[in-house]
Structure formats: C-alpha cells, structure tokens
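Engineer: From the sequence below, what's the structure:
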Amino acid sequence: MKYANFHPLTRAVARFLDDAAFEAGGLDPDALHQLPDDFDLDQSPIGWFVVQGALTREVPHAKFALFDLEGKAVMQWQDRLAFLYLDADPAALLTLPGDFDINQSTDGWYVIDGALSRVAPPAPPPLPPTDAQVLAQRDALLAEATLRIAPLQDAVDLDEATVEEAALLKKWKKYRVDLSRIEQQAGFPAAVQWPAMPA
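Structural biologist: Okay, the predicted model is just below:
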C-alpha cells in the first residue's frame, strides 16, 4: 500500500511512502492517507495536501500563528504556505480567522489558552536552586572566609593579636562552621538560611 504522511493541523503532505517505510518509521496512522496503487511515490510532496480525506493540490485557505510553546510568543504568521512548517508541533500552531491580517508584525502577540492575546503571559516562577548551585555558592563563601581568617589566626599564633582581632577571628570561624553546615538545614537547597558575614 502507498500513503501520504501529512501534518495533522496544516494538512500539508510531508512525504509519500509505502508499507515498508511506514512500518520502519513508526508514524501515526491518523496522519496517513492511503493512495491509489498507481500513485508515483517519487514525486515531491511539496504542494500536496490532505483535505477532508482527499489528496489535493488546492492549498487550504487557512491562516496560522506559529508560536513558542514555552514563552507563548508568536514567531510567524503563515497563510497558504503551510508546507513550510511540516515539522511544526501541532501544539505550536494556532488556526486564525480568515480575515486576520497576517501582514502585521508578530511583536506583542501571544497565544494564551488557545487564543491570540496582546497580554504577555506571566513570567514562570524561578526554578529552585539545585544542590550543586548552592554548594558552589557555599564553597565560594568558605574560600573568602578562609582568606579572612588566615591573617587573624597568624596574629593570634604570634601573640600579636589585639582584643578586637581575637574577637573578629572567633566570629569568622563561627561563620565558617555555620557555612559548612548548611546541608543540614531543613530547607536545603531551596530555602537556605545563609549565616551573616562578619562585619
């Protein structure tokens, strides 16, 4: 048997194929149209459409908005050239009214809940930090704490530390210990309570 594999929304034919190619390709049976046995599979599929269960050269009079599935922003308007988007995800194509002006800019247009909108969707909430991100931040702070501690510790070891320096050394060491224990917090890694850096 011979088939036309077509885009479910634009109806544009993507390829002509036989049983062997169909079985090897794992294609959706709902996106296949059976062809006559004498149909020439070697011809180009460009310009062919499957409309109302029939193969036709007549381009469907449809207009579409091709949009970004994540940001919902419209990227392209299209009309009568549906075959340019053979690989477009049907979920990323919105059928437009026949009188829609596709000569205008796509700037400021979005597809929200299956309809065109001039209102941008709300920004998605920020992703919580990963373990690796939080630990990298912790390690950077630990490195800075170690640099601050070193000269203060030297002053103490040489009995040259002032009272203020000895007190500051203790604060820095306490800060470094608290940093090293952030993984023990109940909110780690999404809601870490960072210790205050000594002034």
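
Engineer: C-alpha coordinates for the lowest-mean-pLDDT helix or strand in the chain, CSV please?
Structural biologist: Here the helix or strand of the chain ranked lowest by mean pLDDT, DSSP states H and E is helix 19-25, holding a mean of 74. Extracted as CSV, the C-alpha positions of helix 19-25 are listed here (Å, rounded to 0.1, in the frame of the first residue of the first chain):
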residue,chain,number,x,y,z
ASP,A,19,4.3,-0.1,3.8
ALA,A,20,7.9,-0.7,4.4
ALA,A,21,8.7,2.9,5.1
PHE,A,22,5.6,3.3,7.3
GLU,A,23,6.5,0.3,9.5
ALA,A,24,10.1,1.4,9.8
GLY,A,25,9.2,5.0,10.6
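
Engineer: strand partners of the next helix or strand after that helix, parallel vs antiparallel please.
Structural biologist: Using DSSP states H and E, the helix or strand that follows helix 19-25 towards the C-terminus is strand 32-35. As defined by DSSP bridges, the strand partners of strand 32-35 come to strand 2-6 (antiparallel).

Engineer: Just the CA atoms from the partner strand would do, formatted as PDB, please.
Structural biologist: What follows is strand 2-6, C-alpha atoms only, in PDB (Å, rounded to 0.1, in the frame of the first residue of the first chain):
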ATOM      1  CA  LYS A   2       1.000   3.600  -0.600                       C
ATOM      2  CA  TYR A   3       0.500   6.500   1.800                       C
ATOM      3  CA  ALA A   4       0.700  10.300   2.100                       C
ATOM      4  CA  ASN A   5       2.000  11.300   5.500                       C
ATOM      5  CA  PHE A   6       0.500  14.700   6.400                       C
END
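
Engineer: Which positions within the helix of greatest length in the chain qualify as buried?
Structural biologist: As assigned by DSSP state H, the longest helix anywhere in the chain is helix 131-157. Neighbour counts using 16 or more other CB atoms under 10 Å place 134-135, 137-138, 141, 145, 148-149, 152-153, 155 of helix 131-157 among the buried residues. The way it works is simple: take the backbone N, C-alpha and C, and place the C-beta from them, glycine included.

Engineer: so where do the strands sit in this protein?
Structural biologist: 2-6, 13-18, 32-35, 49-51, 54-56, 63-67, 74-79, 93-96, 110-112, 115-117 (DSSP state E).

Engineer: wait, which of those is closest to residue 168?
Structural biologist: strand 110-112 (54.5 Å; CB to CB).
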